[in-house]
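*Asks:* heads up, no residue letters with this:
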């Protein structure tokens, strides 16, 4: 499809849908309704939205959907760290129940017992998986969960009178950027540990930075390299001894379910991305859920309300003594809570463990195969990878000039995703693959074959890769300054009309 | 996508879904259950279905869906006679209600009052639209409705003791092939009238063929040429005077809603395709509904049961004295009945008339434009077209060698459908366009532009058209004898394995 | 004509209409209707309620539907040709995809996916019935049986058709209307204890004028017809084509009719992934061997796999198109039109998901659950769990004659307990007195079955 | 480890696992876990119920959900930040498309459609608020307001933030937690009769240290804040950035805050096509002028339209990516991650469907319906339909103080009549005594409103 921008479909007079109008009796009672608006607040011109018939609006968006590569459509292992797994269709069907979709969050508790029970049941499951003792599902994404945890750390030290003194949060460079960013928003100074030469967080560096200023330590384990830090319990001990809180970014938990837990590793808090490990869909980037679990001691700090059970009824407890308040409206993303609960129930305890084991098996298979591809390598320690690996094309780039961004565009031609890594590129020419448990050996072999072919192309005829894509929805972007020059960028259609179309006319 | 055949995805041991197993108590009571099967009836080997994980099955079918051009995705005016109109999404949402999907047809009437009311309400609407006096929605397609009408014709004459004598049905060549075919199944001799030089059914020919053997007359009006027979009332009078029943194929009714009706034209029966004129989706070719309406005198001949209302409750009346019995199980395609009822209610009487008027306007606009395209023409009378037109590329074929089949393949490159016409090709190098009311002027202009471009290509470089398609999901088919030679045809994968794959191995 | 622009009709915008009329050279739209004689033009308004907005429509339809009670709300034991089975969510996802939903009769290029999905459906059902050819599906089992029988009549050139008396009476109505006046139908009796076909009666009636014998297995009444081979031998002896109707969901555990001599197999796809939809989920299939005499008698479309000009690429097309009414009008084989393609695709999805083992397990679960139900019912005084002595699959007749209650009464009392009891057979089979056809499948948990059993016990003992 | 193969995990097939292990050169999967110290490995089983089949899961979840009573079943007048509106079916169709549902963070090539849909969403909301820049949506209104305020603080380099006391208390909690410890918050009072911001108090508190003033319009309490221009003048006088929160569904009839001087506008997209989902439908937006100082302070992604190497083709990319935490970690602007992209796409679909006239008509219907409700309520003795004298949009406070009944009691009695009454304000605004915040929208028919009014009349007069 070569689908225009929606504004280009404008045909004055057309209509996409008829809205409900007020009943005649209502109109005869109150008139036009809008005369009540104070003069200063009347909108004088209608918004310049396009007017388009319903069929054309639909056609536009379904065509755009076909130009979007959802995980239902490809061997989605190229978006490493994102844990792109199979999204069970039954769960999508279950959330379309009006008794879920049409609930208002302020309904009396007696009328939402089913929903509260689902939330509570998920809480119980998450406790088993993590060893934590209370969960909040209010944070609606990993970033918001990290922010909530940073808030708890601050509140905790404030409650103990150390709020001003403890103003440092320690993290590692292979952890998600949001760990550092959210702690900084919460006013903390960030200390970032770089890995040792094998790719492990360096315990000596940790020892060097802890102090009475240490408020907390946040880390992913395994990190985005897929390397598990076996000394994690020592790390948490060191931080605890310095008086800090240890919190755990479990975005990379997919290889750990039923294998090892936050509690035993010494963490006080952790969060899981329900939209990653727990098979809720990513929905182009949310809404999502960062399930936030804490030990008993920190329960009173959670954002409220949380769901509790009194043996007979489920109820909302908003009476948390040290609560940080709220991080998000009402109760979070209920559909995703339901999806993840359903997913856990479809797997059971054995199934969850098989998820982890198969994810690790798949990843190690891939790891084994990718390293055999000419020009590709996996920096740091040999082996010891769990659910994902950050690879490098450093050698290929040196030898052929083909970069990881070139490979990225070329992978599109195979109908596959491919992601490099978060910035900064500590690993040169990086790419990160996470096969999860959802893909079969045949699927993995297909992905590997595509990488092999591109490597061959790079060594034989690098231009093939550099000029890609060929079979994508669009051709290579002409970036120049269009995205970074304030005079050129066009963040909306009205700016495009002003900066590009009208300028072109006057030329 | 280059998606394999589903059997090629087979991986022994994989599983697409877990079926419910019997409870332990049940098993302990009855054992394995299958031992009860008499020896002669045991299946000794499991069926050779493929074993595939759920995600891969889904991926396969959603990819195939993307390789299918539904009317949601294109300016669907090229499938003339099919009345491809906008399928309102609200209706699709309404039929997914469990109180519709999960009804059993034999439930007690008291538990399906809502469904029966919908059927009855639709009946009332259809009576207004047609002038008929009772409807059955049991026939699940136009063909089945035509068959039911042929059955009623026979039963009617049998009831009057003329069953053997009246064994001829008269039809016209521009009517749908099923009119003739279903009457033939019902044992009638078919008399087909060809048009006069202006494309009208020839009244003199009709007069010449009616006799005491005439059982019935079946016709579409307008026919598939889009030409309305203005003498239709005379036709029905002549047939009635000869003692025959007149029945009306209203597959082409989209230009007539609120404008003219079966009753006034003198018909005794008619049917409408709910999946055409009444905006139910075509679903790749069914399930569908042929809504069958009759005058009071023929009500007792309908297939049973029909829905009636006693002023308080809705009930099923299966006590029809001369009923032909049944043509289809239970009550027909209830979802489609609901859809069409919803569509009528969304439009109201004025909206229905606007449907007809706009369909006719759109068609005449297209008619006007297409005739200006080099090499294209619209045979027969000038003007007087209602909702569709059968065009001809006769001139272009003579001048360039490009045939209507070549154009058909080339149109796929524009992401558009294009249909030639039913056999036999009375109109040479035919194509049939029916724009309906659903497409905007812009949409029609887009379609016209594609035809114009192809005409230009044909005159300038015919090979472009002849070697098409280029951008379709697949390349040109290599037909040879693969479809008509019994040794070559492969109607299932198992035959393909036997005839092609195994033969290739032994070569 | 109102000035309101409808969301479904873009060209109701007056400016656009005027522009188009100008282009055409017409004054008004009604001018375009001049070909319709004045006397035929409708003068009055249609008595149809005024238009509703989308929201108003939704409220209206939902309030109507709310008067229904679905089988999600009440426990359901009705079957008799439309059955409640587990529908995998992936089936719904695929058949609700707007591409499949709104496609129709496109060509092998732009509709490649539809052709492939239907070819695969043919291939998957072929494995299930263990035959080489399956059609693009027709309306329902009744139509499939009717056409199978007419195919047999054309092949043999004969007119007499023998139907088992235990064939579903509704289907028998469809078959006889579809066959008449050309064919003649006779019924073959059955054994009152076992339900099995009366072989003596069959031998008596089958002769050189017989085109086809048709019976169903498992039968409409639930029992398993174990005499397939014997029936087939009688058919062969007279050159009769044996047509067998089958519930495809039984074929994970039961032998497909091709194994005991059926020439044509037909049945309903509804159990394979279709919701009941008040009977909107029916779809018929026909299967035969790959022999010209069969292929050339199919009225349906048959999609075949063929190569394209690109090496290794699959394409699809119509096999032997020239036999159809599309090609030959009344000279074609019966007729073909819009039938039930989407359900064919769905059945394909279903079979791909379940695979050989799923089909086996499912058959087993159904047998276990239904046997459990009968066993427990037998313990209720006055109730006979299964009227027939034969083994059964999924359905069975409960004999209530000894309870002194009519099935109508029992069913009314069951409804009070939120249960839909089985189909009352007293009209169709008066010889069974007060008996009802119950359907138990994999959707019934033990708790569901116990609830039924307790309810019946309570009703009959009061 | 069990031998059962799960449908979600293809590689649980033992033969395949063995083949893969062999390839890797490992003996067992647990060998791959050798990097996890023994002492950290979980020994006991997790206490989670055993796996359910798909059908069992469906029964389980549906039985839990059946304990809920939805707003389809009861008439609902709750709003207060999550509102019941008409959701066009096309919105659901688009956001349930499996492509959009399961996509994530792909590149501008293979995810071109996602980029375009989000760019269009930005562009459509930009027209609604009449500003030039809109972000890819964030979590909810609370987050959008929090970030808008922090943007203002970064731009001005100041720390004091003034919040209207009528800001939603829940949002105020989010804002203050998000702003602390860096920012200082003070509240501005309101007029008890009209609800309007106390301009004197504002003048008093606004000074050279003030980064931002934030109020909402229509306010949380429903009234229309008519002093936009005056507030803006006070802000300008001190170089303060004016942040206004808005319910976007009001903007067909109400002036957008940019028209009365707002620098940053934020709000919640939920009314624009999202089902309530127990609050799962929330999504926040932020809009500003196209000025570098604003753009560079957005933490969110901003998609821009750019050319491709092919003439006339559109492509999309991240504008000023370097400001984000993706690029700079803690040096970036706040943080960015998975937020609410699908709701952004949906809001775009919604606005495309309604167009300018639909948005106007919708606003009008809401005003008419809510005014009707207040007018009728005023006729009930002891009930004051609207506590404030100001005009309102969609929500209003019913004053029950004269009835002698608590809101809690009234709501309980309303539930008996299958009505969800408005939100009890006695906790958040004790100064209003027994008052409740009611929400009336286009989903309420006159019959619905009359039902409410009659119910209240009956309750308070007994």
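*Replies:* Done, it's in. The model shown is predicted, which means the values in this text are computed figures rather than measured ones. Numbers count the residues shown, from 1 in each chain, chains lettered A, B, ... in the order given.

*Asks:* which residues make contact with the longest strand along chain A from outside it?
*Replies:* Scanning chain A for the longest strand, with DSSP state E as the assignment, gives strand A:214-220. Residues outside strand A:214-220 that contact it (Cβ atoms under 8 Å, 6 or more residues apart in numbering or on different chains) are A:146, A:149-150, A:153-154, A:157, A:166-172, A:174-176, A:179, A:183, A:188, A:201, A:206, A:229, A:232, A:235-236, A:239, A:242-252. The way it works is simple: take the backbone N, C-alpha and C, and place the C-beta from them, glycine included.

*Asks:* Stretch A:438-455 too?
*Replies:* With contact meaning Cβ under 8 Å, 6+ apart, stretch A:438-455 is reached by A:75-78, A:84-86, A:362, A:365-366, A:369-370, A:373-376, A:396, A:407, A:410-411, A:414, A:416, A:433, A:435, A:465, B:9, B:11, B:14, B:53, B:55-56, D:8-11, D:16, D:19-20.

*Asks:* Would you list the buried entries among those residues?
*Replies:* For the contacts of stretch A:438-455, a burial check counting by 16 or more other Cβ atoms under 10 Å in any protein chain shown picks out A:75-78, A:84-86, A:362, A:365-366, A:369-370, A:373, A:375-376, A:396, A:407, A:410-411, A:414, A:416, A:433, A:435, A:465, B:9, B:11, B:14, B:53, B:55-56, D:8-11, D:16, D:20.

*Asks:* The helix or strand containing residue C:118 and chain B, are they touching?
*Replies:* Residue C:118 is part of helix C:112-129, with elements assigned from DSSP states H and E. Yes. Interface with chain B: helix C:112-129 contributes C:112-114, C:116-120, C:122-124, C:126-128 (Cβ under 8 Å from any Cβ of the partner chain).

*Asks:* The next helix or strand after that helix pairs with which strands, parallel or anti?
*Replies:* Moving toward the C-terminus from helix C:112-129, the next helix or strand (DSSP H and E) is strand C:133-134. Sheet partners assigned to strand C:133-134 using DSSP bridges are listed as strand C:284-288 (antiparallel).

*Asks:* Quick check: buried residues in the helix or strand just after the partner strand?
*Replies:* As assigned by DSSP H and E, the chain's next helix or strand after strand C:284-288 is helix C:292-295. Within helix C:292-295, the residues that qualify as buried by neighbour count (16+ other Cβ under 10 Å) are C:294, C:295.

*Asks:* And for helix C:292-295, what's in contact with it?
*Replies:* Residues from elsewhere that reach helix C:292-295 (Cβ under 8 Å, 6+ apart): B:486, B:489, B:491, C:133, C:151, C:155, C:263-264, C:288, C:302, C:319-320, C:323.

*Asks:* can you give me the helices for the stretch 151-300 of chain C?
*Replies:* Using DSSP state H, counting those that start in this stretch, the helices found in the stretch 151-300 of chain C span residues C:169-179, C:199-205, C:228-237, C:292-295.

*Asks:* Can you classify the residue lying closest to residue A:437 once chain neighbours are set aside by secondary structure?
*Replies:* Counting by Cβ to Cβ, 6 or more residues apart in numbering or on different chains, residue A:358 is the residue found nearest to residue A:437 once chain neighbours are left out, at 3.9 Å. Three-state secondary structure (criterion: DSSP: H, G, I helix; E, B strand; the rest coil) places residue A:358 in helix.

*Asks:* Contacts only, for residue 82.
*Replies:* With no chain named, the answer covers chain A. With contacts defined as Cβ under 8 Å, 6+ apart, residue A:82 is in contact with A:276, A:282, A:419, A:434, D:104, D:105.

*Asks:* my question was about chain C
*Replies:* With Cβ under 8 Å, 6+ apart as the criterion, the residues that contact residue C:82 are B:104, B:105, B:106, B:329, B:330, C:270, C:276, C:279, C:281, C:282.

*Asks:* And for residue A:106?
*Replies:* With contacts taken as Cβ under 8 Å, 6+ apart, residue A:106 has the following neighbours: A:330, D:78, D:80, D:82, D:423.

*Asks:* C-terminal to the longest strand of chain A, what's the next element?
*Replies:* Counting by DSSP H and E, the element after strand A:214-220 in chain order, helix or strand, is helix A:232-241.

*Asks:* does that next one come close to chain D?
*Replies:* Yes. Interface with chain D: helix A:232-241 contributes A:232, A:233 (Cβ under 8 Å from any Cβ).
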